[in-house]
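Enquirer: Provided below are the primary sequence and the corresponding predicted coordinates.
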There are 2 protein chains.
Amino acid sequence: MNIGDAARAAGLPTKTVRYYAEIGLVKPAARRENGYRDYGMQEVQQLRFVQRTRSFGFSIDTCRELLALYADHNRASADVKAIALDHLAQIETKMAELQSLHAELTNLASACQGDKRPDCPILKGLAVGETA
Amino acid sequence: MNIGDAARAAGLPTKTVRYYAEIGLVKPAARRENGYRDYGMQEVQQLRFVQRTRSFGFSIDTCRELLALYADHNRASADVKAIALDHLAQIETKMAELQSLHAELTNLASACQGDKRPDCPILKGLAVGETA
DNA sequence: GTCAACCTTCCCGGGACTGGAATGCCGGGG
DNA sequence: CCCCGGCATTCCAGTCCCGGGAAGGTTGAC
C-alpha cells in the first residue's frame, strides 16, 4: 500500500505520515524497490490509532507510549488509565485557566461602550493590571 | 533605564524584552553610547501592557493592534471591543472543544477497570473511533 | 587588579507539523 | 517516442514565542 492510500485510510495528510515515519512513530512495513514506503494493514491501524489519540490532545510522546501499550498484550489497563487520567487533569487545568480568562475579559468587554469615543475600559484594564 | 530594570518593572524576562525590541513591538527609546538599550517610562508602560495582553492569550500581532489603539487617542472603543469579542469567541470555541474532549475521555476512562489485566476500553476507543 | 553583575550579539532548539522546490517513477494518449 | 498528470522521494524553510547558552564588552564595587 502506497503512502497516499495509507494516509487516506488513516485520515491523515501524507506529509504527516511521512513525518511519523521519520520520527519512528509509525514506520512503513517496508520499502519497495523504487524507494516507495509500503504500508500494511497493521501500520494503517497504528496510524489511525495515532490520529485518534492525537485528536484527543495527547502529545506525540504520549502517543508513543499508548501505541506501545496498544501493542503489548500483556499490558495492565491501569497503566493506560493512569495516562488518561493525567491527561484529563491537564485538560481540566486548561479549562479552568480559560474560564478565568473568559470571565475577566467578559467583564472588561461588557464595561466597554463600543462606540466612536476613545474611552475604553478594556484598554484601561490591560494597562493597569487588576481587573476585579 | 537598562533592559533588566525595564524587564523587572514590566514583569517580563529580559530575553522577551529583547525579542519584542527585535520584532519592533516595543522598541527602546534609545541606545546609549555603549550600545545598551535605554527604556523610558512610556516604553515600560507599553511592555507592561503587552505583558498583560499576552497573559490574556492575545497573539503578538493582536498585541500590536491593541498597542496601536492604546497609543491612538482618537481611537474608537468599538474597535477595541471588536478585538476583545473576537478573542472571547475563540476562547469559547476552545473551551467547547476541551469540554467535549473531556467528556469523551472521561467516558472511556470510567469504563476502564485500571487493574493488572490487559483489557482496556480506552485503547479500544482510541483504536476504533466512535466513543459514544 | 579583580570580581560579579550587567549588557551585547548570535545561533540552536522545540512541538508538530506545513509548504514548497527539485527530482524520480508510472501509466496512458497523441 | 515523447509528453503529461499524478503519484512518490528528499531536503530546506517557516510557523509561534521565546529560552538556553556561548563569546565577549561595560560598569561599578572592593
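Expert: Thanks, I have the structure now.
Enquirer: please parse chain A into its domains.
Expert: A:1-58, A:76-132 (automatic domain parsing).
Enquirer: I'd like those domains as CSV, with mean neighbour count appended.
Expert: Placement of C-beta: from N, CA and C, glycine included. Formatted as CSV, the domains of chain A follow (neighbours: other Cβ atoms under 10 Å in any protein chain shown):
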stretch, mean neighbour count
domain A:1-58, 16
domain A:76-132, 16
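Enquirer: check these for me: which has the lowest mean pLDDT.
Expert: Confidence, taken as mean pLDDT, is least for domain A:76-132 of those (a mean of 93).
Enquirer: center of chain A, which residue is that?
Expert: Among the residues of chain A, the one closest to the centroid is A:Gly57, at 3.1 Å (Cα atoms, centre = their mean).
Enquirer: tell me the contacts of that one?
Expert: Counting by Cβ atoms under 8 Å, 6 or more residues apart in numbering or on different chains, A:Gly57 touches A:His87, A:Ile91, B:Leu101.
Enquirer: in which helix or strand would I find A:Asp86?
Expert: Using DSSP states H and E, the element containing A:Asp86 is helix A:77-111.
Enquirer: what about that helix, distance to the chain center?
Expert: Distance, stretch centre to chain centre, for helix A:77-111: 15 Å (Cα atoms, centre = their mean, to the nearest Å).
Enquirer: and the angle for it with helix B:77-110?
Expert: In terms of direction (axes from the mean of the first three to the mean of the last three Cα atoms, to 10 degrees), helix A:77-111 departs from helix B:77-110 by 160 degrees.
Enquirer: is A:Gln42 in contact with A:Ala29, as I believe?
Expert: Yes - with contact taken as Cβ atoms under 8 Å, A:Gln42 and A:Ala29 are classed as touching, separated by 7.3 Å.
Enquirer: can you list the domains of chain A in a markdown table and add distance to B:Lys116?
Expert: Listed next are the domains of chain A as a markdown table, based on distance: least, Cβ to Cβ, whole Å:
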| stretch | distance to B:Lys116 |
| --- | --- |
| domain A:1-58 | 23 |
| domain A:76-132 | 5 |
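Enquirer: any idea which of those domains gets closest to DNA strand D?
Expert: Nearest of those to DNA strand D, taken as Cβ to the nearest atom of the strand: domain A:1-58 at 2.6 Å.
Enquirer: quick one: the closest one near DNA strand D?
Expert: Yes - Domain A:1-58 is in contact with DNA strand D by Cβ under 7 Å from any atom of the strand, via A:Asn2, A:Ile3, A:Gly4, A:Asp5, A:Thr14, A:Arg18, A:Gly35, A:Tyr36, A:Arg37.
Enquirer: spatially nearest residue to the first one (excluding sequence neighbours)?
Expert: I take that to be A:Asn2. Nearest non-adjacent residue to A:Asn2, counting by Cβ to Cβ, 6 or more residues apart in numbering or on different chains: A:Tyr36, 6.0 Å away.
Enquirer: now that neighbour. Its backbone dihedrals?
Expert: phi -70, psi 140 (degrees, to the nearest 10).
Enquirer: ok, it to DNA strand C distance?
Expert: Separation of A:Tyr36 from DNA strand C (Cβ to the nearest atom of the strand, to the nearest Å) stands at 8 Å.
Enquirer: residue ranges for the strands of chain A, please.
Expert: For chain A, applying DSSP state E gives strands covering A:30-31, A:37-38.
Enquirer: the helix holding A:Asp86 - contacts with which helices or strands?
Expert: helix A:60-71, helix A:121-128, helix B:77-110, helix B:121-128 (3 or more Cβ pairs under 8 Å, 6 or more residues apart in numbering or on different chains; DSSP states H and E).
Enquirer: okay, the ones you listed in TSV with distance to A:Arg52 next?
Expert: Output for the helices and strands packed on helix A:77-111, formatted as TSV (distance: least, Cβ to Cβ, whole Å):
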stretch	distance to A:Arg52
helix A:60-71	10
helix A:121-128	40
helix B:77-110	10
helix B:121-128	5
